[in-house]
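Engineer: Got a predicted structure here, sequence first:
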Amino acid sequence: MANRRMFGLDVVDTDNFLEMPASTQFLHFHLGMRADDDGFVDAPKKITKLVNCGKDDLKLLLAKGYILGLENWVIVDRHWKENNYIQCDRYKSTIYQKELK
């Protein structure tokens, strides 16, 4: 996983995103910072607690389509490719190959 991440204004500068509570927006950024190079996050509940957000913030991100919930509470950032470009020599494939397909 890289130490740097990008967040595009095309995603976060929309009314849909900005109408969400600040805590939900904050959680979105923290999930994005901890995602692997394909946008997968394997501990969203832990991260939610770590950054002092609530379950409702995670549910709202799911409901609004900013993240997609997968089996075993693995999530993926739906806008990952819009926000991030990783050079081929630095890219590390996700362990969630089945879900990626």
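Structural biologist: That came through, no problem. Numbering: from 1, shown residues only.

Engineer: which residues does the residue of the chain most remote from its centre contact?
Structural biologist: Largest separation from the mean C-alpha position in the chain: Asp89, at 22.6 Å (C-alpha atoms, centre = their mean). Asp89 is in contact with no residue at all, counting by C-beta atoms under 8 Å, 6 or more residues apart in numbering. For the C-beta atoms, the positions are set from N, CA and C on the backbone; glycine is no exception.

Engineer: before we move on, what about the one 10 residues further on?
Structural biologist: Taking C-beta under 8 Å, 6+ apart as the definition of contact, the neighbours of Glu99 are Phe40, Leu70, Glu71, Val74, Val76.

Engineer: Next one: the first one from Asn16, what distance?
Structural biologist: What that stands for is Phe40. 23 Å (C-beta to C-beta, to the nearest Å).

Engineer: Can you list the residue ranges for helices in the chain?
Structural biologist: 9-12, 15-18, 22-34, 44-50, 55-63, 80-83, 97-100 (DSSP state H).

Engineer: re earlier: just the buried residues from the contacts of Glu99, in ChimeraX please.
Structural biologist: Under the burial definition 16 or more other C-beta atoms under 10 Å, those of the contacts of Glu99 that qualify are selected in ChimeraX by:
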select :40,74,76
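
Engineer: now, among the contacts of Glu99, which is nearest to Gln97?
Structural biologist: Phe40 (10.1 Å; C-beta to C-beta).

Engineer: Can you name the residues that contact the closest one?
Structural biologist: Val74, Ile75, Val76, Thr94, Ile95, Tyr96, Glu99, Leu100.
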